[in-house]
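Asks: pasting the sequence and the predicted model now:
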Amino acid sequence: MVLGVSLANRGLYGGIEWVGTLDNYRRLADSLIGVIFLRSLFFACMTTMACGIIGFPLAYMVARAAPRWQWVLLTFVMIPFWTNFLVRTYAWILILRADGLANGVLLQLGLISEPLSLVFTDFAVALGLIYGYLPFMVLPLIVAIERISPELEEAAYDLYASSSAMFRHVVLPLSKPGFLAGGVLVFIPSLGAFITPYLLGGGQKMMIGTLIQQEFLVSRDWPFGSALAFGLMGSALMVWFLVSRTWLGKDLS
Amino acid sequence: MRPMPKPLVFAGLMTMLFLYVPIIILIGLSFNASTMGVAWKGFSVHWYQKLLADSSIIEATVNSLVIAGISTTCSLVLGLGAAMGLEKWRGRYSAWMNTLIVLPLVIPEILLGVALLMAFVLWHVPLGFGSIIIGHMVFNLPLVVVILRARLRKLDPAWEDAARDLGATSWQVLWHITLPMLRPAMVGAALLSFTVSLDDFVVTFFVAGPGATTLPLKVFSMIKTGMTPEVNALSAVMVVVSMVCVGLSWFFQQQAPSSVINNAQSS
């Protein structure tokens, strides 16, 4: 049984390798592909950092809430986590499009005189990615913060640490496993994101995910698509191994 | 304990708001009577009625439910075997195997989609219902294995040993001891994999082929062809369904294993 499962997995990924030839990998070096890859990398890094910064206060609040409230808050964090990604992306189209709510509010307030084109921009893609993957950062952070003994925080306060010093020297360093786990969970899918750049970016500016989709389903250049996919998988796995083999494994064990 | 710093609580609440505003807007707009745009023209359930009247949506819903049901059932059976095998087996390559089995959960979904598509085409598997089910199993199986293994590790081996000492066969141990103790985790895993399968878009998008449509694929094509308020209503329904599934899985996973042990004792 175990062998069967593993063989199925291996076989599926093996499929990529025999289709790819060196020629297609050479095309990866094309400067246009490089730009697309770098853009994806930039968006993924930005999303990961933004999720970490935005997610931390919420995670701390949930982790340190009174048990009665914690259950409620945790449920509230879980619901977006399990809500359809497509639906959550679509909600932003409703908000951002020309006759959408954001423009409506801004017009009403007199901040702008005519609707801004918010959707199909880099801003929309970034917002969509952060919104989409935020729960993936918050949940591991909650777990990590819960593991930190509150007594350590007390001790820091007893030693006259200000609350900002306490966070800087106690909670943030000890939350590192959470940031790393969350970082991997956000970084890898946002590197290969397809729905968000497609719907919120309008497919105008290519990202690696939309490019792969196009190669496979539109231009039907499978060998080249496979080379791209393999490149993406390589980078994703590298990040994962780097984190799991170095700091994370040590901290979590 | 000292109260939490105010700015932190404020930031946390703002983040929560950020997570929920789009969802609330979506649900709100699904009750909007207006045909175009987002201007509020009064409360209406018109779009929900339209959903129910649309046979292609009903068909996609049924497809989604059937696919999720079959792939969850298969994943649960295979996953149980894999989890127990991996837990017992301490061979040379077990660490590699552990990594390999969670791989589909950590690589970008789009890769799973294209890899499956190529595998199906190369092995001449027709794209459609079957290919979607197999595709979903590829991510459901690791999910089930991870959840079941977490529970298996917490089980006290003394129960199984005691049963064996009393002359139970391996099957009897499995049936009367291990499975009942695993039940909460199995229900939780089943619900989660059902939800994930129901919600999956990317993998399905690649392996669906022309014939079969699932609910997320339907939503996607509706968004692309022109956004009618029908999409809002459909999305709102999907949000609520996800919430129910999460709630159920919470409920079953929170159930203390002690009650199961008590059941095992009395029977």
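Replies: Here it is on my side, so go on. Quick caveat, the model's predicted, so the values are computed rather than measured.

Asks: not counting sequence-adjacent ones, nearest residue to residue A:64?
Replies: In space, residue A:64 comes closest to residue B:4 once its chain neighbours are excluded; the distance is 6.2 Å by CB to CB, 6 or more residues apart in numbering or on different chains. Quick note: C-beta positions are derived from backbone N, CA and C, even for glycine.

Asks: the one you found: neighbour count?
Replies: Residues lying near residue B:4 (other CB atoms under 10 Å in any protein chain shown) number 15.

Asks: whichever helix in chain A runs longest vs chain B: in contact?
Replies: Scanning chain A for the longest helix, with DSSP state H as the assignment, gives helix A:31-63. Yes. Residues of helix A:31-63 contacting chain B under CB under 8 Å from any CB of the partner chain: A:54-55, A:57-62.

Asks: list the buried residues of that helix.
Replies: For helix A:31-63, burial by neighbour count (16 or more other CB atoms under 10 Å in any protein chain shown) applies to A:33, A:36-37, A:39-40, A:43-44, A:47-48, A:50-52, A:54-63.

Asks: would you map the strands across chain A?
Replies: Counting by DSSP state E, chain A has no strands at all.

Asks: residue closest to the middle of it?
Replies: Against the mean C-alpha coordinate of chain A, by CA atoms, centre = their mean, the closest residue is residue A:186 at 2.7 Å.

Asks: right, and it touches residue A:47 too?
Replies: Yes. Under the criterion of CB atoms under 8 Å, residue A:186 makes contact with residue A:47 at 6.0 Å.

Asks: which residues do those two both contact?
Replies: residue A:133 (CB atoms under 8 Å, 6 or more residues apart in numbering or on different chains).

Asks: most proximal residue of chain A with respect to chain B?
Replies: residue A:192 (2.6 Å; CB to the nearest CB).

Asks: how many neighbouring residues does the nearest residue to residue A:185 once chain neighbours are set aside have?
Replies: Distance criterion CB to CB, 6+ apart; nearest residue to residue A:185, sequence neighbours excluded, is residue A:136 at 4.1 Å. Around residue A:136 there are 23 other residues, counting by other CB under 10 Å.

Asks: same question for residue B:61.
Replies: Neighbour count for residue B:61, taken as other CB under 10 Å: 20.

Asks: OK, contacts around it?
Replies: residue B:215.

Asks: now do the buried residues in the helix or strand harbouring it.
Replies: In this assignment (DSSP states H and E), residue B:61 forms part of helix B:55-88. Neighbour counts using 16+ other CB under 10 Å place B:57, B:60-61, B:63-64, B:67-68, B:70-72, B:74-76, B:78-80, B:82-87 of helix B:55-88 among the buried residues.

Asks: in chain A, which helix or strand is least confident?
Replies: One helix or strand of chain A scores below all others by mean pLDDT, DSSP states H and E: helix A:2-19, with a mean of 38.

Asks: ranges for the helices of chain B?
Replies: Assigned by DSSP H, the helices in chain B fall at B:6-29, B:46-53, B:55-88, B:94-106, B:109-122, B:129-154, B:157-165, B:170-173, B:179-199, B:202-207, B:215-225, B:229-254, B:257-266.

Asks: among those helices, which comes closest to residue A:155?
Replies: Closest of the helices of chain B to residue A:155 is helix B:6-29, at 19.0 Å (criterion: CB to CB).

Asks: and the angle for that closest one with helix B:46-53?
Replies: Relative orientation of helix B:6-29 and helix B:46-53, computed by axes from the mean of the first three to the mean of the last three CA atoms, to 10 degrees: 60 degrees.

Asks: give the other helices and strands that helix B:6-29 contacts.
Replies: helix A:31-63, helix A:67-82, helix A:85-96, helix A:122-147, helix B:229-254 (3 or more CB pairs under 8 Å, 6 or more residues apart in numbering or on different chains; DSSP states H and E).

Asks: any idea which of those helices scores lowest on pLDDT?
Replies: When the helices and strands packed on helix B:6-29 are compared on mean pLDDT, helix B:229-254 scores lowest, with a mean of 79.

Asks: in it, what counts as buried?
Replies: Using 16+ other CB under 10 Å as the test for burial, helix B:229-254 gives B:229-239, B:241-243, B:245-246, B:248-250, B:252-253.

Asks: run the contact check for that helix versus chain A.
Replies: Yes. Residues of helix B:229-254 contacting chain A under CB under 8 Å from any CB: B:231-232, B:235, B:238-239, B:242-243, B:245-247, B:250.

Asks: state the mean pLDDT of stretch B:103-120.
Replies: Stretch B:103-120 comes out at a mean pLDDT of 80.

Asks: so does it get close to chain A?
Replies: Yes. Judged by CB under 8 Å from any CB, stretch B:103-120 comes into contact with chain A through B:103-104, B:106-111, B:114-119.

Asks: out of those, who's nearest residue A:239?
Replies: Proximity of the residues of stretch B:103-120 next to chain A to residue A:239 (CB to CB) peaks at residue B:106, which lies at 9.5 Å.

Asks: ok, now which ones touch that closest one?
Replies: Contact analysis of residue B:106 by CB under 8 Å, 6+ apart lists A:184, A:188, A:236, A:240.

Asks: can you rerun that using 6 Å?
Replies: Applying CB atoms under 6 Å, 6 or more residues apart in numbering or on different chains, we find residue B:106 in contact with residue A:240.

Asks: could you find the closest non-adjacent residue to the residue of chain A closest to chain B?
Replies: residue B:108 (2.6 Å).

Asks: how much space separates that neighbour from residue B:145?
Replies: Here residue B:108 is placed at a distance of 20 Å from residue B:145 (CB to CB, to the nearest Å).

Asks: what about those two, which has more around it?
Replies: Neighbours of residue B:108 and residue B:145, each counted by other CB under 10 Å, are more numerous for residue B:145; the result is 29 against 25.

Asks: now stretch B:22-35: mean pLDDT?
Replies: Mean predicted confidence for stretch B:22-35 is 82.
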